[in-house]
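> quick one, fold the following:
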Amino acid sequence: MDRYAEVLLMRALILTPDRDSRGRRDYSGAFAPEARAFAQLHHLPSTSVQSIDCTRTAPERRKHVLESLSRLGAAGPIDLLACFCHGYQTGLQVGFDNSSVRDLARALVHHGCSPRLRVALYACSSGGSRGEAGDGGLADRLRDALCTAGCVDCVVDAHATVGHTTRNPYVRRFEGRGSPVGGMGGQWIVAPRSPLWQQWRAALASTDLRLRFPLLELHEVHRELLGPSPATISIGVT
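Okay, the predicted model is just below:
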């Protein structure tokens, strides 16, 4: 099956907050339009986008997400979870943090995630931590929890720093790689200051690669950035 056919069959849940933060246009100016663009690009129904009431308590927000996963999973395997929201090294605006991320992982597996589930955290700092390469942060712990729950080939992409929800180039990938326990941190999709860094930043700012890279392998991202006539260069990814 080709990549386009796979995308047409993809089942996804896309999460956003339901309103702007006080004095900001974070939801209306970034999270909501980028989430809708993501759904449209990947031929997903508008119902794939679920807005979480960010005035509710964290347990209530988590309950909403878990109920949405239950409804989606009842109709078939879940291929993708994407979050367009505020993030922190240890948590997400939609309600989950390091202490509850196992509940999210278990729900994804219980409701039938695909063997190579993709998680795209378009959320500031969720791929960062005080540990090396994001080890111990929210994205790292989600990858580990998914592996422990049985989704050993999962892939979690997350922003390591504060920045725009889709244009922030500091993105780490945390892969299960078949491990039943997870791993230690992640790797840069494109390493800062590496030969492809400027192309990566430009592509995220001006093309739909910002919405496609979570479904691409690292070598596919790198080859696309090189263009049709690749030069012989060393690509840093660690």
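
> just the residues contacting stretch 51-69, thanks.
With contact meaning C-beta atoms under 8 Å, 6 or more residues apart in numbering, stretch 51-69 is reached by 13, 15-19, 32, 50, 78, 81, 85, 93-97, 100, 103-104, 107-108, 111. Every residue, glycine included, has its C-beta placed from N, CA and C.

> for ChimeraX, what selects the buried ones among these?
In ChimeraX syntax, the buried subset of the contacts of stretch 51-69 is picked out as below (16 or more other C-beta atoms under 10 Å):
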select :13,15,16,17,32,50,78,81,85,93,94,95,96,100,103,104,107,108,111
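
> helix, strand or coil for residue 141?
Three-state assignment for residue 141 (DSSP: H, G, I helix; E, B strand; the rest coil): helix.

> roughly how far apart are residue 210 and residue 168?
9 Å (C-beta to C-beta, to the nearest Å).

> any weak-confidence spans in this protein?
Across the chain, the ranges flagged by pLDDT under 70 are 1-9, 229-238.

> which parts of it are helices?
3-8, 26, 32-41, 58-73, 101-110, 138-149, 197-206, 209-212, 218-226 (DSSP state H).

> go through the third one and flag the buried ones.
Going back to what we said before, that points to helix 32-41. Neighbour-count burial for helix 32-41 [16+ other C-beta under 10 Å]: 32, 34-36, 38-39.

> where is the longest strand in the protein?
Longest strand in the chain by number of residues (criterion: DSSP state E): strand 113-122.

> using CSV, write down the CA coordinates of it.
Backbone C-alpha positions of strand 113-122 (Å, rounded to 0.1, in the frame of the first residue of the first chain) are rendered in CSV as follows:
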residue,chain,number,x,y,z
CYS,A,113,-3.7,1.6,18.8
SER,A,114,-1.9,0.5,15.7
PRO,A,115,1.5,-1.3,16.2
ARG,A,116,3.3,1.8,15.0
LEU,A,117,1.2,4.5,16.7
ARG,A,118,2.3,8.1,16.0
VAL,A,119,2.0,10.8,18.6
ALA,A,120,2.6,14.4,17.6
LEU,A,121,2.9,16.8,20.5
TYR,A,122,2.8,20.3,18.9
